[in-house]
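>>> okay, structure incoming, though there's no sequence with it:
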């Protein structure tokens, strides 16, 4: 068990944050544990719980996007509000770009893994949590139509009967509710080619899935893609649409406006 603990620590130290499921797949790829649900629950989940409680790994190394405190943003004073705004102030990057870009993700747990990339580039991260609701698709399509730009949706989901169908449903739903928008949809991961090229760990396809009758072979979860590779896929999708000259001009204006906010804060405290 000490060897498994060491493998967990090394994997997370090298590449974090990961979801618990991603740690499981990393250990499977390393040959440290067997690819069974028993090993996932009894070994990975149990040891990650113990190692965080004992201080062996930081809590921040494990991504969990399912539990967030919900509270309005409030301030102790106008001065604090201005200083906080100055610290976090950003201009909308895509106002000066030709395209609108969104990243769509099947699993909420992975949002914490890729958010650092989408946040850096000011790109919406849309999490479907399995099949998205009709309201979710309608509201997303309304927002896309309002941008009035060529829109590029990059989708990341499981390679299994339902996972493949979810990407179809997203594509069809957005096109239904935003029929006049120029929409470009691409399923980025998981693909059959990635499974072969990266030797991704598979799992048996669920026979209980009604769509499995037309699906051949084993399934692969998007969690099986190493976190650094997943983030790089997201990054590459985004930067192909960035006009870096326009971005530099935006950053100059952003710095000037941030300084203005700081000066306003200092005047309030006088």
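Good, I have the coordinates. Since this is a predicted model, take the numbers as computed values, not measurements.

>>> which SSE is the nearest residue to residue 95 once chain neighbours are set aside in?
Distances taken as C-beta to C-beta, 6 or more residues apart in numbering put residue 250 closest to residue 95, at 8.0 Å, once the chain neighbours are dropped. Glycine gets a C-beta too; all of them are placed from N, C-alpha and C. Assigned by DSSP states H and E, residue 250 falls within helix 244-268.

>>> shouldn't residue 79 be in contact with residue 268?
Yes. Residue 79 is within contact range of residue 268, at 4.8 Å (criterion: C-beta atoms under 8 Å).

>>> from the recorded domain assignment, give the ranges for the protein.
Using automatic domain parsing, the domain parsing of the chain gives 2-61, 98-242.

>>> out of these, flag the one nearest residue 257.
domain 98-242 (15.5 Å; C-beta to C-beta).

>>> pretty sure residue 125 is touching residue 111, no?
Yes. The pair residue 125 / residue 111 is scored as a contact, 6.1 Å apart, by C-beta under 8 Å.

>>> rewinding a little: including distance to residue 73, mean pLDDT and mean neighbour count, could the domains of the chain go into a markdown table?
As requested, the domains of the chain are exported to a markdown table (distance: least, C-beta to C-beta, whole Å; pLDDT from 0 to 100; neighbours: other C-beta atoms under 10 Å):
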| stretch | distance to residue 73 | mean pLDDT | mean neighbour count |
| --- | --- | --- | --- |
| domain 2-61 | 22 | 91 | 16 |
| domain 98-242 | 17 | 94 | 17 |
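
>>> now render those as CSV, adding distance to residue 256.
What follows is the domains of the chain, written out as CSV (distance: least, C-beta to C-beta, whole Å):
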stretch, distance to residue 256
domain 2-61, 33
domain 98-242, 18
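
>>> for those, which one sits closest to residue 258?
Smallest distance to residue 258 across the domains of the chain (C-beta to C-beta): 15.5 Å, for domain 98-242.

>>> what is the end-to-end distance of that closest one?
When the termini of domain 98-242 are compared using C-alpha to C-alpha, to the nearest Å, they are 8 Å apart.

>>> list the buried residues for the helix holding residue 250?
Residues of helix 244-268 classed as buried: 250, 258, 261-262, 265 (neighbour count, 16 or more other C-beta atoms under 10 Å).

>>> still on that earlier bit, out of the domains of the chain, which is closest to residue 72?
Among the domains of the chain, the nearest to residue 72 by C-beta to C-beta is domain 98-242 (20.6 Å).

>>> centre of the chain to that closest one, how far?
Domain 98-242 sits 10 Å away from the centroid of its parent chain (C-alpha atoms, centre = their mean, to the nearest Å).

>>> 36 is where my numbering starts, stick with that
Yep, numbering from 36; the last one is domain 133-277 now.

>>> give me the contact list for stretch 204-212.
Residues outside stretch 204-212 that contact it (C-beta atoms under 8 Å, 6 or more residues apart in numbering) are 139, 163, 166-167, 169, 172-173, 175-177, 179, 188, 190, 216, 218, 220.

>>> okay, helices next: where are they in the stretch 36-185 of the chain?
For the stretch 36-185 of the chain, helices defined by DSSP state H, counting those that start in this stretch occupy the ranges 37-49, 55-65, 72-74, 81-88, 113-123, 146-155, 169-182.

>>> show me the contacts for the residue nearest to residue 130.
With C-beta under 8 Å, 6+ apart, residue 285 has these contacts: 126, 128, 130-131.

>>> surely residue 142 touches residue 162?
Yes. Residue 142 lies in contact with residue 162 (C-beta under 8 Å); the separation is 7.4 Å.

>>> ok, residue 250 - contacts?
Residue 250 makes contacts with 195-196, 199, 240, 244, as judged by C-beta under 8 Å, 6+ apart.
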